[in-house]
Structure formats: C-alpha cells, structure tokens
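> got a predicted structure here, sequence first:
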Amino acid sequence: MSTFVKIKALRQSLSSSEAKLADFTLNSANAIRNLSSVELAKVVGVSQSSVVKFSQKLGYKGFPAFKLAVIDALNDESSEPKLHGKITLNDSLEQIAEKLLSSKLAVLTETKNLNEAPAIEKAVELLKSAKRILICGLGGSALVAKDFSYKLQKLGMPAIAEPDGHAQLAYVATFSKGDLVIAISESGMTREIAEVVKQAKKNDSAVISVTKFGSSPVADSADVKLYSVAEGESVRLSSILARTAQDFVIDILFIALTQSSRQGRKLLEHSNEVVGEFKNN
C-alpha cells in the first residue's frame, strides 16, 4: 500500500504536527531521500519525536522504514493517475469529463492499493459461511448497499439491505453467531451504522466494514476492514467519488464470490436466463 495513499487517507485525522509532516511528505517527498529524522524535524518545524510518532501512525516501526516506503512510493508514482484540480462553474463539458475521468481513475487506483488480498479473501469466506447477511449504509452508501444485496441474492445468498437506520438496528438485534453485517460508511463515523456494528458484536456476529482508511468507530470493531477512498479536494465530486470507490470494493467481493462458488455461478446464470426470457416475451 503506497505511503502517499495512507497519508491522504489519514490527513483529516492528524494532529497539527503530523499534518505538517504529511503535507511536507506529499509536496516535497524527494527531499526526504536525503534527510535524517532530526533534519526532517528541523525543516518542518516539529520535534523529532513527532517524526517517529508520525511514522508509527502510518504503520512503520520508525523513521528509516518510513523513509524507505517514501522512496518506494516515489519510484511507483510515475504510473499513478493524478487528480487534475476541481471542476469549476466555467469548465466546458469536455473539461468536466476529463477531470471526472481522471478523478475516478485516481480513486479506483488508490482504493485498490488500500485493500490487501488477505482481507478480501477473509471477507469472501465470511460471506460464504454467513447464515444471514445485513448490508447497512445511509444516504449514498445505502444505494451501494442495496446494489450489493441484489448481487448477493443472485448468487443465492440470504442478503438484505434496509436503508432505514431503525430497521437496520431492529433486524441486527435478532442476529447471533454465524450472521454477518457489512457496514458501509464513507467516514466510518455514521452514528446509526456504528450502533448497528456495536449490536452485531454484542450478539457475537461478524462484521465487515467499508470505510475510509484509518481508525473510526465503524472500522475499529470490524472483523475485516476494507477501505474506500474519496478525495476531498472538490465538494462537487466528493459524493460521486465515494460511491465510485465503494462500488469498486463490493464489485471485487462479488466477482471473487462468483469465481469461488460453482453453485453461485449456476444460480447467477439461471437468474439471468429467467429475466432474459421475461424481457423477450
């Protein structure tokens, strides 16, 4: 997972000293190649201990490991698609299309980089073994949840997506061991979704979270943590990019499930045939 991806995902939750280090790393990463932790602290205007804590917050043992990760990220960066600024009121349709395409490519790439194969594999196993599945989300996340429930139902899986927070909580109150909650929340802070997760864990049910990278009430209690990225640089794009990233995560899960289940593939083919026959009559 790219160091730059981690930093951007955690940027809003950093302390003032950590934010200075984050901004310096994103804007002047090449300079870090030749700096010690003491020198970096002096350049940025923070303490050396802040440099060490910042490195550890990103998941590295210390500054040397962080520095190596930055160098690796720089070597890989040339192939990464970039965001090209905000969509403005004066943009032409062609400019809007180009900026939106570039933004979506960047978000999809970073979301892919945030999710490691072992987490995806564990999520697939939980889905395959679940007795009942509740997919919960509010607002735009509820649309993603509903789409995922339709996909899972086509594979013969007992999944529902209820957009009402109270109904979600009432249903998960009946859950027990062997049941599964998939909690979708861009921020990971949605109060209603966090409460559903809390109730699920109280009932000894498994939880898969799909949130921003980093610590949050929803992700912290999850058995499997999956991540989606939505760049915050443009208010007009934010909800579109969030759904793009979330859809990408659930589509990975759906394809992995289809690939691993012969019975699921048969049911999917049969459901498609039934709908196709109806349309042709």
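On my side now, so go ahead.

> count the neighbours of Gln48 for me.
The burial metric for Gln48, expressed as a neighbour count using other C-beta atoms under 10 Å, is 15. C-betas here are computed from N, CA, C, even on glycine.

> quick thing: my sequence starts at 494, can you match it?
Right, with 494 as the first residue, what we last looked at is Gln541.

> contacts only, for it.
Under the criterion of C-beta atoms under 8 Å, 6 or more residues apart in numbering, the contact partners of Gln541 comprise Ser530, Val531, Ala534.

> now do the spatially closest residue to the first one that is not a sequence neighbour, the pLDDT please.
Spatial nearest neighbour of Ser530, chain neighbours left out: Phe556 (4.1 Å); criterion: C-beta to C-beta, 6 or more residues apart in numbering. Note on Phe556: pLDDT of 92.

> shouldn't Phe556 be in contact with Lys546?
No. The pair Phe556 / Lys546 is not scored as a contact, 10.2 Å apart, by C-beta atoms under 8 Å.

> CSV for the contacts of Gln541, including distance to Val617 and neighbour count?
What follows is these, written out as CSV (distance: C-beta to C-beta, whole Å; neighbours: other C-beta atoms under 10 Å):
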residue, distance to Val617, neighbour count
Ser530, 40, 19
Val531, 46, 12
Ala534, 43, 21
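
> out of those, which comes closest to Ala562?
Looking at the contacts of Gln541 and their distance to Ala562, the nearest is Ser530, at 14.0 Å (C-beta to C-beta).

> tell me the contacts of that closest one?
With the criterion set at C-beta under 8 Å, 6+ apart, Ser530 makes contact with Gln541, Val544, Val545, Phe556.

> quickly find the element holding the second one.
Take DSSP states H and E as the rule and Val544 turns out to sit in helix 541-550.

> now do that helix, average pLDDT.
Per-residue confidence for helix 541-550 averages out to 91 on the pLDDT scale.

> put the alpha carbons of it into CSV.
As requested, C-alpha coordinates have been extracted for helix 541-550 and formatted as CSV (Å, rounded to 0.1, in the frame of the first residue of the first chain):
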residue,chain,number,x,y,z
GLN,A,541,12.0,14.6,16.4
SER,A,542,9.5,12.5,18.5
SER,A,543,6.7,13.8,16.3
VAL,A,544,8.5,12.4,13.2
VAL,A,545,8.8,9.0,14.9
LYS,A,546,5.2,9.0,16.0
PHE,A,547,4.1,10.1,12.5
SER,A,548,6.0,7.2,11.0
GLN,A,549,4.4,4.7,13.5
LYS,A,550,0.9,6.1,12.9
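
> so which elements touch the very next helix or strand once past that helix?
Next helix or strand after helix 541-550 toward the C-terminus (DSSP H and E): helix 556-570. Contact partners of helix 556-570 among helices and strands, from 3 or more C-beta pairs under 8 Å, 6 or more residues apart in numbering; DSSP states H and E: helix 496-503, helix 522-525, helix 541-550.
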